[in-house]
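1. Quick one: sequence plus predicted model below, questions after.
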Amino acid sequence: MSNNDVAAETESKSEVDTAPSRSVDLGLGIDIELEALESTGTDIELTFDEETLLEATDVSAHETPASDGPHLEGDERAQLEAVGVDVEMFREKAYSYQMLLDAGVDESTAKRLRRRFSLPWTFDHDGDLEQRSSAVRGLGAAEREWIAKSGDEGWQTFEYDESPIAAVAREKPTERPWPKPTPVTAVTGVGPDDADTLADAGIRSAERLATINAFEVASVLDLDVVHVRTWRHNARELLA
């Protein structure tokens with residue numbers, strides 16, 4: 001080999017060594033140096049773990065979005081199923097608080113579920129007045145007498161014998177100021193939505209509202225006891 005050939009070969013290698021390397025992005029998060037490919041001339045084989053990819057795809061396809069609504073705890077579901085409550089129908093609010101108690105669900109669980117799922121207090125809004133009044137304990141003597149007098153169709157005549165318990169020092173009115181129990185919405189501060197809430201506990205008139213136990217009603221209906229006391233006070237003022 002001549003000196004000229006050696007010099008040419010040396011110069012060629014120097015150019016390769018000093019040439020800047022270029023990086024190519026294949027879009028797969030893999031950068032390949034062109035210099036390495038040119039210098040080695042070795043074929044590069046890109047491999048993927050097919051099993052891992054299929055497994056990840058399968059998991060993604062079967063994932064269900066988390067529900068934003070209320071959910072049942074494991075022990076709550078077990079208790080509902082144990083007493084024969086259809087869980088799917090329960091989620092559709094086909095059960096009331098009273099129905100859960102009647103089915104055998106303990107009171108603390110039933111109360112917790114009623115609040116979380118916004119269950120109605122009862123579906124029996126058109127039942128017997130005296131029976132519905134027992135849903136809220138702590139009735140006063142005057143309200144018990146009012147319920148007793150309301151048990152027949154003649155109560156609207158406003159002709160009754162005063163009992164010693166409810167007797168007050170005032171004259172009988174010559175005529176009834178209202179043809180039927182005063183609507184609860186006539187009470188200051190009680191709107192239509194409030195009336196619907198009170199109706200869940202069987203409170204549909206100002207007369208009924210005026211004699212409730214404010215603390216117990218507030219506890220049962222998840223209301224502010226101050227609001228309930230204010231409604232009761234306004235009902236008494238209205239009927240005075």
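-> Arrived safely, thanks for sending. Numbering: from 1, shown residues only.
2. Ramachandran coordinates for the residue nearest to Gly104 when sequence neighbours are not counted?
-> Once flanking residues are discounted, Gly104 sits nearest to Val83: 4.0 Å by C-beta to C-beta, 6 or more residues apart in numbering. (Each C-beta comes from the backbone N, C-alpha and C, glycine too.) For Val83, the backbone dihedrals (degrees, to the nearest 10) come out as phi -100, psi 10.
3. Counting neighbours, what do you get for Val83?
-> If you count neighbours by other C-beta atoms under 10 Å, Val83 ends up with 12.
4. Just to check, it is in contact with Asp106?
-> No: the criterion here is C-beta atoms under 8 Å, and Val83 misses it with Asp106 at 9.6 Å.
5. isn't Met99 right up against Pro120?
-> No: between Met99 and Pro120 there is no contact, the gap being 9.3 Å when judged by C-beta under 8 Å.
6. which one is Phe123 nearest to, not counting chain neighbours?
-> Using C-beta to C-beta, 6+ apart, the closest residue to Phe123 is Ser96 (5.0 Å).
7. Verify the stated contact: the one you found with Pro120.
-> Yes: if you go by C-beta under 8 Å, Ser96 and Pro120 touch, sitting 4.7 Å apart.
8. Not counting its neighbours along the chain, what's nearest Ser188?
-> Careful, residue 188 is Thr and not Ser. Asn234 (4.3 Å).
9. Leu209 versus that neighbour, what's the distance?
-> As for Asn234, its distance to Leu209 is 9 Å (criterion: C-beta to C-beta, to the nearest Å).
10. any shared contact partners between the two?
-> Val187, Val190 (C-beta atoms under 8 Å, 6 or more residues apart in numbering).
11. Comparing those two, which residue is more hemmed in?
-> Leu209 (28 against 18).
12. Quick check: chain neighbours aside, which residue is closest to that one?
-> Leu209 sits nearest to Ala235 (C-beta to C-beta, 6+ apart), 4.2 Å away.
13. Now for the one you found, how many residues are close by?
-> Ala235: 26 neighbours (other C-beta under 10 Å).
14. Please, which helix or strand holds it?
-> helix 225-239 (DSSP states H and E).
15. That helix - contacts with which helices or strands?
-> In terms of contacts (3 or more C-beta pairs under 8 Å, 6 or more residues apart in numbering; DSSP states H and E), helix 225-239 is packed against helix 206-209, helix 214-221.
16. Return the backbone torsion pair for Pro183.
-> Residue torsions, per degrees, to the nearest 10, at Pro183 are phi -60, psi 140.
17. Run a quick check on it versus Ile203, I expect a contact.
-> No: the criterion here is C-beta under 8 Å, and Pro183 misses it with Ile203 at 11.4 Å.
18. higher neighbour count, the two?
-> A direct count of neighbours by other C-beta under 10 Å for Pro183 and Ile203 places Ile203 higher, at 27 against 13.
19. So that one versus Thr211, what's the distance?
-> 10 Å.
20. cool, Arg116 as well?
-> 31 Å.
21. So between these two, which is more surrounded?
-> Thr211 (22 against 14).
22. Contacts only, for the residue nearest to Leu209.
-> Val184, Val187, Ala206, Glu207, Leu209, Ala210.
23. 7 Å instead, please
-> Neighbour list for Ala235: Val187, Ala206, Leu209, Ala210 [criterion: C-beta atoms under 7 Å, 6 or more residues apart in numbering].
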